[in-house]
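Undergrad: Turn this into a model:
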Amino acid sequence: CAGGFQQCAAGFEGFMCNTCSANHYSDGSGACRKCPPGSSGLMIAFVLAIVVTAIGVVVFMLLTYAGEATAIADGQGALVTAEMRYTRGSYSHRRRVPHSLSQAIVFFQILGVIAKSSLQWPSQVQETLLIFNVINLDLDIFASECSLSSFEAKYALSTLYPLFFLLISTLAWILIKSVRYSFARLRTLPAFDAPTLIVLERTVIIVAPLLYIPLSRSSLILFDCSRLADGNYYLDADLGRRCFDAAWLRLLPLGLIAVCIYVIGIPLYIGVALYRFRHRLAEPSILGRFGSTYRLYRNAYFFTELPLLFKRLVVVGASLFFSEAQIWQVSALLALFTTATVLHSQHEPYYEPLYNKLELRLNVCAMIVLGFGFAFYADRFPNEVSRYIFIIGCIAVVVTAVAILAWTFLVELRALFKLHKNP
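TA: Numbering: from 1, shown residues only. From the prediction side, this is the model:
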C-alpha cells in the first residue's frame, strides 16, 4: 500500500491491495509490474523451450541407451556400464553428460525457491536469487498473467505442461524412428530395438527427478492458503484469489490429480521399481530403464535418489506452508540441510568422490544463504554499512557456489576427454 486510507500503490488494487491491476502481472518478488510489450511472445518462448527440451531429451536417450544397456560388475560388486568403466585408483566414471549439471539444476532450483520466501531479502540479493527461477520454470518470469486470463488458466498450464512435454517427446520419438533407415548411424542405434513404452518410461525417469521441485511446487501451491483480516482464506501465491470458494473448488480435482502424479507418484514409482528390481540392478534391461536413478551410487546406497527427492519436497513444503512463519521456515530448512550434510559426509553414497564433495559443498552454501536470509529478516543491523557487508557476503556465497559447480563441470569434461582419447 502507498499509505493513507484505502490507497494502493500503482499497479495494486483490491482488499489490502492484494491484486494486480489490469495490464499488470505479479513478478517473482510479489510486486505488480506493468505488462511488457509483446508479453505473449514470452509465453511462446516458454512453449518453444519445452519443445526443444523434449526433443533434446529424446536425442540424448537415443545416444546413451546403448551404454546403459550393457552392464558388468567389478570385483566388489559395484555396478558399472560401458560408460562407467572403473579401475580402482585409475579411472573416473565415464559419462556423456557431466553429473554436475544435474546437481547444478537442483541447487539453482533450491535457490529460486528460497528467493521467494518472505525473509525481507534486499533487492540486490533477491534479484540475484530470482534469476535461478528460470530453471524452476516459474511462469511469473514469463509474465504469464499478461497472456493468461486467470489464475485458473495459469495453474492449469503449470500442472499440465509435463503432459505437453511427453506428447512432444512421443512425437519426436515416432518421427526419428520413422526416418531412421534414411541415416546410417540412426539405423544401428540399439534404442530402436526397445519398445516405445520403455523408451518413454526412460525419458520420464531421466527428467522427472530434475523437475520434481517445480512440479511439486506448482501442484501444492493451490493448497497454500492464509487467513487475512476479513476472515477469509486467500492463496499465498495470489492474494487476490480466495480459497475454498467455487472457483477454487473447480480447480481442486486438478490439484489432487497433480499431487498424486507428481508429488507422490514420482518417488513412489521410482521406489517401487528399485525395490522390485533390487536384486537385478546389474541386468542390462533394468539398467537401461532405471539406471539413471541408481548407477551413480554405491551398491549399498542404490536407493539414494529417494531421500534426495524427499529433501527437495521438504524444501518446497517449508517454502510454501511456512511462508508466514519465517522462524519455523528457516529452522526447518537449516535442520534439513544440516541433517543432509551430516548423513552425506558419513555415508558418501556416490560412487565417485567428486560428486560427494560437490553435494556437501552445495549443502553448506545453501545453509549459509539461509543464515544470511534470517539475518535480513531479523534486520538488526547497527548501520547501513553492516547491512551492505551482509548483502555482499550473501551474493559472494552464491557466486562461490556457481564457481564450484563450474570447476567440477570442467573437471568432469577433462576426464571425459581423456577417456574418449584413451578408451
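Undergrad: how about the helices of the stretch 151-300 of the chain, start to end?
TA: Taking DSSP state H, counting those that start in this stretch as the test, the helices found in the stretch 151-300 of the chain are 151-179, 184-187, 196-207, 212-220, 246-258, 265-276, 284-290.
Undergrad: got any ranges where the stretch 1-150 of the chain has weak pLDDT?
TA: Scanning the stretch 1-150 of the chain with the threshold set as pLDDT under 70 gives 1-6, 11, 14-16, 18, 25-30, 38-39, 63-96, 142-145, 149.
Undergrad: please redo it, this time with the cut-off set to 50
TA: With pLDDT under 50 as the threshold, the stretch 1-150 of the chain has low-confidence stretches at 2-5, 67-94.
Undergrad: Can you pull the phi/psi pair for Ala208?
TA: Summarising the backbone geometry of Ala208 under the convention degrees, to the nearest 10, its torsions are phi -60, psi -50.
Undergrad: Quick one: neighbours of it, just the number.
TA: By other C-beta atoms under 10 Å, 20 other residues sit near Ala208. Yep, even glycine has a C-beta here, placed from its N, CA and C like the rest.
Undergrad: Let me see the contact set for it.
TA: Leu215, Ile266, Ile270 (C-beta atoms under 8 Å, 6 or more residues apart in numbering).
Undergrad: And for Pro122?
TA: Applying C-beta under 8 Å, 6+ apart, the residues near Pro122 are Phe376, Arg387, Ile391.
Undergrad: who wins for most neighbours among those?
TA: Per-residue neighbour counts (other C-beta under 10 Å) across the contacts of Pro122 peak at Phe376, which has 20 neighbours.
Undergrad: Turn the helices of the stretch 151-300 of the chain into a markdown table, columns for distance to Leu362 and mean neighbour count.
TA: Supplementary listing: these in a markdown table, determined by distance: least, C-beta to C-beta, whole Å; neighbours: other C-beta atoms under 10 Å:
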| stretch | distance to Leu362 | mean neighbour count |
| --- | --- | --- |
| helix 151-179 | 26 | 17 |
| helix 184-187 | 37 | 10 |
| helix 196-207 | 21 | 17 |
| helix 212-220 | 14 | 25 |
| helix 246-258 | 28 | 14 |
| helix 265-276 | 21 | 16 |
| helix 284-290 | 25 | 20 |
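Undergrad: out of those helices, nearest to Thr128?
TA: Closest to Thr128 of the helices of the stretch 151-300 of the chain, according to C-beta to C-beta: helix 212-220, at 18.7 Å.
Undergrad: so where's the stretch 151-300 of the chain shaky on pLDDT?
TA: Per-residue confidence of the stretch 151-300 of the chain (counting by pLDDT under 50) places no residue in a weak region.
Undergrad: does Gln7 count as helix, strand or coil?
TA: coil (DSSP: H, G, I helix; E, B strand; the rest coil).
Undergrad: Could you report the neighbour count for it?
TA: Gln7 is surrounded by 10 other residues when neighbours are defined as other C-beta under 10 Å.
Undergrad: Repeat that for Ile141.
TA: Taking other C-beta under 10 Å as the criterion, the count of residues near Ile141 is 17.
Undergrad: which one's the longest helix in the protein?
TA: Criterion DSSP state H: the longest helix present in the chain is helix 384-421.
Undergrad: tell me which residues in that helix are buried?
TA: Under the neighbour-count criterion of 16 or more other C-beta atoms under 10 Å, helix 384-421 has 387, 390-391, 394-395, 397-398, 401-402, 404-405, 408-409, 412, 415-416, 419 buried.
Undergrad: can I get the helices of the stretch 151-300 of the chain in JSON lines with distance to Ala104?
TA: Conversion of the helices of the stretch 151-300 of the chain to JSON lines gives the following (distance: least, C-beta to C-beta, whole Å):
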{"stretch": "helix 151-179", "distance to Ala104": "20"}
{"stretch": "helix 184-187", "distance to Ala104": "30"}
{"stretch": "helix 196-207", "distance to Ala104": "16"}
{"stretch": "helix 212-220", "distance to Ala104": "13"}
{"stretch": "helix 246-258", "distance to Ala104": "26"}
{"stretch": "helix 265-276", "distance to Ala104": "20"}
{"stretch": "helix 284-290", "distance to Ala104": "23"}
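Undergrad: Determine which of those helices approaches Leu48 most closely.
TA: Taking C-beta to C-beta, helix 151-179 is the member of these nearest to Leu48, at 10.6 Å.
Undergrad: angle of that closest one against helix 246-258?
TA: Computed by axes from the mean of the first three to the mean of the last three C-alpha atoms, to 10 degrees, the angle separating helix 151-179 from helix 246-258 equals 30 degrees.
Undergrad: and helix 151-179, what does it pack onto?
TA: When contacts are defined as 3 or more C-beta pairs under 8 Å, 6 or more residues apart in numbering; DSSP states H and E, helix 151-179 packs onto helix 39-68, helix 196-207, helix 212-220, helix 246-258.
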